[in-house]
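[1] How does the following fold in three dimensions:
(one chain, ligands or ions: 2)
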Amino acid sequence: MEMIRCEDLRKTYGSGSSEVHAVDGISLSFEQGTFTAITGKSGSGKSTLLHLLSGLDRPTSGKVMYQDNNLFQYNDNQLSVLRRRRFGFVFQAYNLVRELTGQENILLPVMLDNRKPDEQYLKRLTEMLGVEDRLNHLPGALSGGQQQRICIARALANKPSILFADEPTGNLDGKTGREVLTLMRTISNELGITMILVTHDLGVAEQADRIIRLEDGKIAEDSGEGAHPITSDGGDYTGRKSSDGTRRGSVG
Ligand SMILES: Nc1ncnc2c1ncn2[C@@H]1O[C@H](COP(=O)(O)OP(=O)(O)OP(=O)(O)O)[C@@H](O)[C@H]1O
Ligand SMILES: [Mg+2]
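    Ligands and ions are numbered 1, 2, ... in the order given. Got it, this is the predicted structure:
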């Protein structure tokens, strides 16, 4: 099932001789439960593309379809509600509220939405992320890797259908970064969450099902391309199947 797609997406900054085509006519489709890495040199348009796909920023032209919703037909308020309920975000900077404990940080998006936390789900999530014994600490008492894992739990607290991550391992040492990546992969698999991750680290990108490389705002390479559509036997178009051979389920 297709989760999100963009059609001829463009974002242009400036005008005249200083015009920059940060995203220059990109069309992509992402299947539910898949893990995609977007790579490319600095300035190739990775963050801009992620911000457009996730509705954080509006394009100059083109559209983003999330299931049957054209994101940019919504006003800012409607868009932020949709983002809060259906999308999760993880950035390079940990962005935790310093005055709140790990647990309180994780619960923040659920509280903002006036919803009751799903205790069982959150317990499973924090166990999967290995932070269940760090929940009562303030961020200042946590290592970088632990803080980033709390951020991932917070991003997943509302059971989003898509998790967007921009260089989530950028501030971590190599080993910790790989551990965090492995966790994200496991979660994508087990919870059926679609992950779209930006990284300039090829080692990180190699852990993904699909690698898309950008160059000057355009797609230079797409390892997932040509593999569409999903085969009639139910096989995942990435060639990856869950251990029992069935397609992965979804959350929520
Ligand atoms: N707000 C802005 N105003 C003007 N130009 C911008 C703006 N944001 C991005 N750009 C330009 O758009 C291009 C793409 O930027 P983007 O941040 O998407 O690159 P990136 O691939 O994420 O790079 P990095 O790996 O360094 O994070 C760059 O040339 C950048 O200078
Ligand atoms: Mg960037």
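
[2] Provide the count of other residues in contact range of the closest residue in space to Ser44 that isn't next to it in sequence.
    For Ser44, ignoring the flanking residues on the chain, the nearest one in space by Cβ to Cβ, 6 or more residues apart in numbering is Leu214 at 4.2 Å. (Glycine included, C-beta is placed from N, CA and C.) When neighbours are defined as other Cβ atoms under 10 Å, Leu214 has 25 of them.

[3] Same question for Thr39.
    Counted with other Cβ under 10 Å, Thr39 comes out at 22.

[4] Which parts of the stretch 1-150 of the chain are helices?
    With DSSP state H, counting those that start in this stretch as the criterion, the stretch 1-150 of the chain has helices at 46-53, 76-86, 102-112, 119-128, 144-156.

[5] and these as JSON lines, adding mean pLDDT and mean neighbour count?
    Shown next, in JSON lines, are the helices of the stretch 1-150 of the chain (pLDDT from 0 to 100; neighbours: other Cβ atoms under 10 Å):
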{"stretch": "helix 46-53", "mean pLDDT": "97", "mean neighbour count": "24"}
{"stretch": "helix 76-86", "mean pLDDT": "91", "mean neighbour count": "14"}
{"stretch": "helix 102-112", "mean pLDDT": "93", "mean neighbour count": "19"}
{"stretch": "helix 119-128", "mean pLDDT": "91", "mean neighbour count": "15"}
{"stretch": "helix 144-156", "mean pLDDT": "92", "mean neighbour count": "24"}
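
[6] Ligand 1 is nearest to which of these?
    Proximity to ligand 1 (Cβ to the nearest ligand atom) singles out helix 46-53 among the helices of the stretch 1-150 of the chain, at 3.3 Å.

[7] of all the residues in the chain, which ones are close to ligand 1?
    13, 20, 22, 40, 42-48, 200 (Cβ under 6 Å from any ligand atom).
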